[in-house]
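Peer 1: Generate a structure from the sequence data that follows.
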Amino acid sequence: MMFRMSILTPLTLIILTACASHEASLPPERGQSMRGEHLTEGRPIRPGAGDSFTRAARMVEAEHYQQALPILRCIAGQGRGYEIAQYLAGYSAINMSTAHDTPEILRAGLEHEGFERLTEAANAGWPAAQAELARLFFAIETEDAVKEAAYWAAIYRRNSRDRAYGLDRLSDSIEAGIEAWLRSETYDAATLRAAGFEIDHMESIPITPQCAPFLRTVSPRQSRSDRNQRPREAGRRGGGGRQGGRSGGVVETD
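Peer 2: Next up, the predicted model:
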């Protein structure tokens with residue numbers, strides 16, 4: 001069954017890796033500045049102490065998942081370039097699904113949402129999500145799940161992003177356990193499948209009124225009453241599943 005995931009990368013490194021996203025090397029898309037900053041109401045949103053993403057990331061670091069998840073859902077809904085928000089949203093949902101104070105009726109839905117969001121971030125090439133899926137599927141301890149663990153572990157090993165920062169999020173013991181659990185032909189089939197992995201970029205969804213306050217820079221001139229009217233809940237993003245490897249671009253490799 002599920003287990004509590006390992007401690008997140010320190011917040012400063014999370015933000016640095018987010019800023020070093022592949023988006024920086026691409027031409028700006030509609031709604032972006034030349035520096036790749038997404039614009040809302042004509043103003044760039046930059047990572048910093050006061051922006052919604054940084055506040056949500058600090059909440060996750062402090063294990064305040066219930067407060068972070070609605071914000072991260074909204075930020076992840078902006079699509080390509082926001083893979084880290086999708087990863088943190090999935091991470092938060094999974095942890096909420098096992099929290100002692102989560103009502104039993106909500107646990108399965110949160111677990112499903114967590115896997116969906118982690119899978120979407122992993123399919124988009126985010127390495128932390130790929131490593132997390134390998135750990136989570138291995139913990140389920142069924143043949144189908146461990147095959148998925150082998151698949152995501154192999155994809156993670158082919159992804160050069162973490163290595164560029166000297167990071168290794170997947171322990172040798174888990175990788176050895178995956179290989180020992182599966183028959184050699186099953187393991188080889190999973191790694192062969194991983195060799196054909198292609199990036200599937202995240203798509204954006206329309207901004208809802210509930211999400212709008214999280215996706216704009218708050219002006220100091222705004223009234224206190226306006227700031228206090230920020231909603232606490234946001235709708236889930238649908239779609240996705242637990243299987244990876246959909247078509248798109250090519251994953252980063254050496």
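Peer 1: now the helices for the stretch 101-250 of the chain?
Peer 2: Per DSSP state H, counting those that start in this stretch, the stretch 101-250 of the chain carries helices over the ranges 104-123, 127-140, 143-158, 161-164, 172-181, 184-195, 224-227.
Peer 1: which SSE is the closest residue to L110 other than its chain neighbours in?
Peer 2: Leaving aside its sequence neighbours, L110 sits nearest to S97 (C-beta to C-beta, 6 or more residues apart in numbering; 3.8 Å). Just so you know, the C-beta spots here come from the backbone N, C-alpha and C atoms, and that holds for glycine as well. Under the criterion of DSSP states H and E, S97 resides in helix 83-98.
Peer 1: helices or strands up against that helix?
Peer 2: Using 3 or more C-beta pairs under 8 Å, 6 or more residues apart in numbering; DSSP states H and E, the elements in contact with helix 83-98 are helix 11-19, helix 52-61, helix 65-76, helix 104-123, helix 127-140.
Peer 1: Kindly reformat those as a markdown table and extend each row with distance to R157.
Peer 2: Below are those laid out as a markdown table (distance: least, C-beta to C-beta, whole Å):
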| stretch | distance to R157 |
| --- | --- |
| helix 11-19 | 18 |
| helix 52-61 | 25 |
| helix 65-76 | 25 |
| helix 104-123 | 13 |
| helix 127-140 | 9 |
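Peer 1: between these, which one is nearest to S171?
Peer 2: Across the helices and strands packed on helix 83-98, S171 has its closest neighbour in helix 127-140 (8.3 Å, C-beta to C-beta).
Peer 1: Give me the buried positions along the closest one.
Peer 2: 127-139 (16 or more other C-beta atoms under 10 Å).
Peer 1: any idea of the mean pLDDT for that helix?
Peer 2: Helix 127-140 comes out with an average pLDDT of 98.
Peer 1: How about residues contacting that helix?
Peer 2: Residues from elsewhere that reach helix 127-140 (C-beta atoms under 8 Å, 6 or more residues apart in numbering): 1-3, 5-6, 9, 83-84, 86-87, 90-91, 94, 115, 118-119, 121-122, 145-146, 148-150, 152-153, 155-156, 159, 161-162, 167, 169-170, 174-175, 177-178, 181, 244.
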